[in-house]
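Enquirer: give me the fold of what follows.
(one chain, ligands or ions: 1)
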Amino acid sequence: MSAPNHIPYGRHAVSEADIQAVVNVLRSDFLTQGPAVPAFEEAVARYCHAQYGVAVNSATSALHIACLALGLGPGDWLWTSPITFVASANCGLYCGAQVDFVDIDPRTFNLCSIELEKKLEIAKQQGKLPKVVVPVHMCGQPCDMAAIHALSIKYGFKIIEDASHAIGAKYKGEPVGNCRYSDITVFSFHPVKIITTAEGGMAVTNDPELAHQMNLLRSHGITRDPQHMTHPADGPWYYQQIALGFNYRMTELQAALGLSQMTQLDTVVARRHQLVKQYANLLEGLPLDTPWQHLDSHSSFHLYVVQLQATCQRTHKEVFESLRAQQIGVNLHYIPVHTQPYYAKMGFKANDFEQSQQYYAKSISIPMYASFSDAQQVQVVNALRKAVST
Ligand SMILES: *Cc1c(COP(=O)(O)O)cnc(C)c1O
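Expert: Predicted coordinates for the structure are as follows:
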């Protein structure tokens, strides 16, 4: 449990309306496999201008079934960014594929499209082109999707956008999730993310076949649709298992919470933008770089990452320890995935991805969330001022 005056880096906001929506489900006929899940899928798909939504119990599950639907398997490669949560890479390993990484753009912290092109050219010569690339919209700032999409056509790979941070963000004026530049986009509804279902995730796509595959895979590979059966139904009880799926279903409770949270999404993102503006002013004069934004990006600002400048008299670790001691729940998103022991044993070295290493050496996620007050923000900045001064 955290101390009463502890400020976390992120936190959910649950309204009375959210609570009522969940209670209503508890009093209804369905706790799972009822009307709330399709209603939530419809709301998210409509919001982000996608044709289909497939709700599941986490973004990790969504990434897994997205990879399977795209046919990723043994002998294939999945590439992603080292600066992400491990799930963006693990989904490749779940499918028996191999994983490799593409270094980040130091300005956006996103997978760098120039590095991607260089690596694709080498992989092409070696006959090791990736089947799937997973760009991660780090902190809510969309990746350079037009460039990545152009490369996908040239080199023949599929794209899954890991938009776990980025529901409510826009790229070139259009909502992240419209899949204009990708096959599938995945969202997370973990409580620290932009909106929450406690645990939960969703894959959105415009491709009916991918939506169908993901629908099957989230629920044991079972269908009740005669159209998809190998022969006519034996009777009214009949269903068929036609693929090896999982139980990755979202509950009605979660979907009702998500549906209610969706009504707050734009307000939540607007508040985050306001806090970002205030941080930029409050942090002026401190030896820190504040987040740079590409002109094509309207970030959802899931995270606010500052980077220690070389002139700072304190080490990264000292600043971190000082802030934690002052009850500020700073964090580091992320430890480069390729340096995790599980990945290091595949042969990755820390300095394989130079920009990611530099990022790791100087970045700090400082608190930001919808219910974060202006007074708390000043408290964080004061603590930071103390932490960076000698
Ligand atoms: C949170 C997160 C995930 C995993 O989300 P879950 O819903 O917790 O499974 C995957 N990728 C990124 C970038 C994340 O931040």
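Enquirer: how much space between Pro341 and His333?
Expert: 19 Å (CB to CB, to the nearest Å). C-beta: built from backbone N, CA, C; applies to glycine.
Enquirer: please list the residues of the stretch 1-150 of the chain that sit near the ligand.
Expert: Ser58, Ala59, Thr60, Thr84, Phe85, Ala87, Ser88, Val136 (CB under 6 Å from any ligand atom).
Enquirer: burial count for His302?
Expert: For His302, the neighbour count with other CB atoms under 10 Å is 28.
Enquirer: I should have written Ala256 there, sorry.
Expert: For Ala256, using other CB under 10 Å, the count is 26.
Enquirer: pull the CA atoms of the helix or strand encompassing it into CSV?
Expert: Per DSSP states H and E, Ala256 falls inside helix 252-262. Provided in CSV are the C-alpha atoms of helix 252-262 (Å, rounded to 0.1, in the frame of the first residue of the first chain):
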residue,chain,number,x,y,z
GLU,A,252,-19.5,-8.0,-19.1
LEU,A,253,-18.3,-6.2,-16.0
GLN,A,254,-15.2,-5.1,-17.7
ALA,A,255,-16.9,-4.1,-20.9
ALA,A,256,-19.6,-2.1,-19.0
LEU,A,257,-16.8,-0.2,-17.2
GLY,A,258,-15.0,0.4,-20.5
LEU,A,259,-18.1,1.6,-22.2
SER,A,260,-18.7,4.1,-19.4
GLN,A,261,-15.0,5.1,-19.4
MET,A,262,-15.2,5.8,-23.2
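Enquirer: so which residues make contact with that helix?
Expert: Identification of contacts with helix 252-262 by CB atoms under 8 Å, 6 or more residues apart in numbering yields 14-15, 17-18, 20-22, 24-26, 28, 30-37, 39-41, 43-44, 47, 55, 57, 189, 195-200, 250.
Enquirer: near the ligand at all, that helix?
Expert: No. Helix 252-262 stays clear of the ligand (CB under 6 Å from any ligand atom), getting no nearer than 11.1 Å.
Enquirer: hang on, the earlier thing: neighbour count: Pro341 and His333, which is higher?
Expert: His333 (20 against 6).
Enquirer: quick one: the more buried one and Val306 touch, right?
Expert: No. The pair His333 / Val306 is not scored as a contact, 11.8 Å apart, by CB atoms under 8 Å.
Enquirer: what do the two both touch?
Expert: Applying CB under 8 Å, 6+ apart, one finds that His333 and Val306 are jointly contacted by Ser363.
Enquirer: so for whatever helix or strand Gln377 lives in, what gets flagged as buried?
Expert: According to DSSP H and E, Gln377 maps onto helix 374-388. Neighbour counts over helix 374-388 (16 or more other CB atoms under 10 Å) mark Gln376, Gln377, Gln379, Val380, Val381, Ala383, Leu384, Ala387, Val388 as buried.
Enquirer: that older thread, from the contacts of helix 252-262, which land in helices?
Expert: If you go by DSSP state H, the contacts of helix 252-262 have 17-18, 20-22, 24-26, 36-37, 39-41, 43-44, 47 in helices.
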